[in-house]
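Asker: structure for this input, please:
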Amino acid sequence: MKLSNAAEDILERLWIGAFEEGTPSLHLSELKISFDHPALQELIGQGLILIEDSRVRLLSGGQREGQSVVRKHRLSERLMMDIFDLKEAQADDRACEFEHLLSEGVDSKICALLNHPERCPHGKTIPPDVCCHKARRGDRSGVVCLSKLKAGQGGEIAYLATREPRKMQKLMSMGVLPGSRIRLTRTFPSYIFRVGSSDFAVDEQLAREIFVRLDDER
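Answerer: Predicted coordinates for the structure are as follows:
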């Protein structure tokens, strides 16, 4: 069941307190909410938190959910600043809105898009997920850059290696995103490929920064 935005915000604050600030529980006054707050009752009903003597702490399920919310928020910050080139204050506001829109699995695609960053723009650790562990182990078998493909070959976009916002924005506008299908149709004088029902052309440098999991390697 999808939690409300307010409930996710509480989990985020509790997780940061417990795992980054050394505060296993927070008083209701620190959370600036009352015991009968709907979001708090929602979390109690889901078995994610426990309240004792007006102090709130995460249960095991709440720890997992809280970590997920923190991960989505910090990935959203990276997305807003690295890709959309927003300034810090504006990026923070947009990230707070965007994190609540990420459904399960979408955060992994954004993580792959950003090439599995380890820290947010403020230097805080981004909790890793399965996709990060695989990438850091080098578990990318069957993945090659687009420039290595032959005409007619295709597959699923695995990740993008560029860190330049303009290049990333260009690729995103083409629909070149992790998980999208791509097929190379020509290699000279430029690399022409199809994503969806549209054809695009890029130079060799950009083709080297698009990594594809080949169909015959899956």
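
Asker: can you list the domains in this structure?
Answerer: As recorded under automatic domain parsing, the domains making up the chain are 5-64, 72-136, 143-217.

Asker: which of those has the lowest mean pLDDT?
Answerer: Mean pLDDT is lowest for domain 72-136 among these, at a mean of 83.

Asker: turn the domains of the chain into a markdown table, columns for mean neighbour count.
Answerer: From N, CA and C alone the C-beta is placed, and that goes for glycine too. Output for the domains of the chain, formatted as a markdown table (neighbours: other C-beta atoms under 10 Å):
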| stretch | mean neighbour count |
| --- | --- |
| domain 5-64 | 16 |
| domain 72-136 | 17 |
| domain 143-217 | 16 |
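
Asker: show me what the longest helix that the chain contains is packed up against.
Answerer: If you go by DSSP state H, the chain has its longest helix at helix 60-78. If you count contacts as 3 or more C-beta pairs under 8 Å, 6 or more residues apart in numbering; DSSP states H and E, helix 60-78 packs onto helix 5-19, helix 88-98, helix 106-113.

Asker: between the second one and helix 60-78, how many degrees?
Answerer: For the pair helix 88-98 and helix 60-78, the angle between their directions (axes from the mean of the first three to the mean of the last three C-alpha atoms, to 10 degrees) equals 140 degrees.

Asker: how about the helices and strands packed on helix 60-78 in JSON lines, adding distance to residue 44?
Answerer: Listed next are the helices and strands packed on helix 60-78 as JSON lines, based on distance: least, C-beta to C-beta, whole Å:
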{"stretch": "helix 5-19", "distance to residue 44": "10"}
{"stretch": "helix 88-98", "distance to residue 44": "24"}
{"stretch": "helix 106-113", "distance to residue 44": "26"}
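
Asker: can you pull out the strands in this structure?
Answerer: Taking DSSP state E, the strands of the chain run over residues 25-27, 49-52, 55-58, 143-145, 154-160, 181-186, 191-195, 198-202, 210-214.

Asker: mind putting those strands into JSON lines with distance to residue 98?
Answerer: Output for these, formatted as JSON lines (distance: least, C-beta to C-beta, whole Å):
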{"stretch": "strand 25-27", "distance to residue 98": "25"}
{"stretch": "strand 49-52", "distance to residue 98": "24"}
{"stretch": "strand 55-58", "distance to residue 98": "23"}
{"stretch": "strand 143-145", "distance to residue 98": "28"}
{"stretch": "strand 154-160", "distance to residue 98": "19"}
{"stretch": "strand 181-186", "distance to residue 98": "25"}
{"stretch": "strand 191-195", "distance to residue 98": "23"}
{"stretch": "strand 198-202", "distance to residue 98": "26"}
{"stretch": "strand 210-214", "distance to residue 98": "24"}
